[in-house]
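>>> give me a model of this one.
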Amino acid sequence: MNILVIGGTRFVGRTLVETAIGQGHSLTLFNRGKSNPDLFPDTERITGDRDNDIELLKGRKWDVVVDTCGYVPRIVKKSAAILKDSVNQYIFISTLNVYADFSKRGIDEDSPLGKMEDEKVEEVTGETYGPLKVLCENVVREIYPERSTTLRCGLIVGPYDPTDRFTYWPARVQRGGEILCPSPPHMQVQFIDARDLADFVLWSAEKKRYGEYNTTGPEKELTMQEFLDLCNAQTENKASMTWVSEEFITSNEVGHIPMWTPKDWRGIFEVNVTKGIRAGLKFRPTDKTITETLAWHATRPSDYEMKVGLKPEKEIDLLAKWHNSKKK
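Next comes the predicted model:
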């Protein structure tokens with residue numbers, strides 16, 4: 001296939017391009033040339049800003065466009081409109097954050113979506129991120145009513161992940177010792193390896209899978225304890241898990257704990273992915289994602305500090321406070 005990628009040099013886009021090249025596809029990248037500009041030197045690149053330079057794509061033909069970085073509906077509309085007669089399919093990378101209510105499990109593609117109170121707002125914040133993506137989806141669907149694919153991704157993980165939301169746990173388990181873990185141990189967790197997402201993007205293009213798909217995994221339910229046990233099994237250090245309560249977390253300024261949410265948000269990790277699996281979504285073993293993420297993490301500078309999770313000193317203090325509270 002002849003593929004246009006909007007983005008293509010950071011995490012999801014980078015993984016997609018690597019996967020597509022490995023499968024023998026022809027690619028063109030459209031981006032600002034600011035992130036990892038030395039990547040993919042043999043791949044055609046059109047340098048420009050999607051808000052101001054989208055005209056650079058005029059007059060070309062591709063089988064499919066994959067939009068990895070659309071956040072503002074006005075800007076997404078520019079790319080979708082100008083490519084309408086240039087591509088056969090528009091694949092838009094969206095998010096599970098489009099849904100309105102995460103207090104219930106089993107969210108599927110027909111569940112209610114979030115809404116923007118003021119649709120003129122373009123600032124992307126924690127509150128507007130999901131509703132803005134809803135408006136972006138709507139734009140793509142209006143311009144490509146029968147030729148668009150929307151992938152609503154959950155937590156995307158694996159090598160090149162700049163957020164550390166997954167990497168924190170296998171790296172912390174590898175360090176060993178006592179670990180502060182968020183209760184309940186049986187809480188379900190969901191995520192998708194960026195390489196599995198890339199495979200599904202390309203499969204959806206090859207097979208012309210249109211419509212909306214929840215795109216997260218794994219295929220079978222996985223609890224937080226099972227995930228951490230897998231991390232332990234893949235590392236030489238046998239860490240011990242101390243499970244602290246939600247009340248302790250929320251009352252002690254613990255901060256952001258990766259892959260954990262309060263009870264009324266648990267639905268974001270309990271999403272129904274049946275439609276995607278039936279359409280060809282597949283998942284590699286979680287232990288493989290763990291070991292390969294650790295191998296990538298080992299290439300980072302030795303003094304690298306995680307962007308999320310607990311600093312060692314704070315974790316020690318919180319564990320002491322937890323144990324003291326249990327003595328009373």
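>>> domain assignment for this protein?
The record assigns the chain these domain ranges, following automatic domain parsing: 2-157+190-215, 168-189+220-265+284-321.
>>> show the average pLDDT along the longest one.
Predicted confidence along domain 2-157+190-215 averages 97 (mean pLDDT).
>>> out of the domains of the chain, deepest packed?
With neighbours defined as mean count of other CB atoms under 10 Å, these peak in mean count at domain 2-157+190-215, which reaches a mean of 18. Where C-beta positions appear, they are placed from N, C-alpha and C, glycine not excepted.
>>> neighbouring contacts of the strand ranked longest in the chain?
As assigned by DSSP state E, the longest strand anywhere in the chain is strand 87-95. Strand 87-95 has contacts (CB atoms under 8 Å, 6 or more residues apart in numbering) with 4, 12, 61-70, 76, 80, 83, 129-130, 133, 136-137, 140, 143-144, 147-153, 201, 204-205, 208, 210.
>>> which members of these are positioned in strands?
Going by DSSP E, the strands hold 4, 62-67, 148-153 from the contacts of strand 87-95.
>>> sorry, back to before: what angle separates the longest strand of the chain from strand 62-67?
Relative orientation of strand 87-95 versus strand 62-67 (axes from the mean of the first three to the mean of the last three CA atoms, to 10 degrees): 20 degrees.
>>> low pLDDT regions in the stretch 201-328 of the chain?
Residue ranges of the stretch 201-328 of the chain with pLDDT under 70: 328.
>>> quick one, helices of the stretch 1-150 of the chain?
For the stretch 1-150 of the chain, the helices defined by DSSP state H, counting those that start in this stretch cover 11-22, 73-82, 129-143.
>>> make TSV from those helices and add distance to Thr235 to it.
Formatted as TSV, the helices of the stretch 1-150 of the chain follow (distance: least, CB to CB, whole Å):
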stretch	distance to Thr235
helix 11-22	24
helix 73-82	41
helix 129-143	33
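>>> among the domains of the chain, which is nearest Gly276?
With CB to CB, the closest approach to Gly276 among the domains of the chain belongs to domain 2-157+190-215: 4.3 Å.
>>> mind checking how far that closest one is from the chain centre?
Relative to its chain's centre, domain 2-157+190-215 lies at 12 Å (CA atoms, centre = their mean, to the nearest Å).
>>> so what's Val139 closest to, chain neighbours aside?
In space, and not counting its chain neighbours, Val139 is closest to Lys77: 4.6 Å by CB to CB, 6 or more residues apart in numbering.
>>> ignore the last one, Thr250
Of all residues not flanking Thr250 in the chain, Pro262 sits nearest, at 7.0 Å (CB to CB, 6+ apart).
>>> so Cys231 belongs to a helix, correct?
Yes - per DSSP: H, G, I helix; E, B strand; the rest coil, Cys231 lies within a helix segment.
>>> could you check how far it is from Leu113?
34 Å (CB to CB, to the nearest Å).
>>> next one: Val139
Counting by CB to CB - Val139 and Leu113 are separated by 14 Å.
>>> in this structure Glu206 contacts Met1, no?
Yes - between Glu206 and Met1 there is a contact under CB atoms under 8 Å: 6.8 Å.
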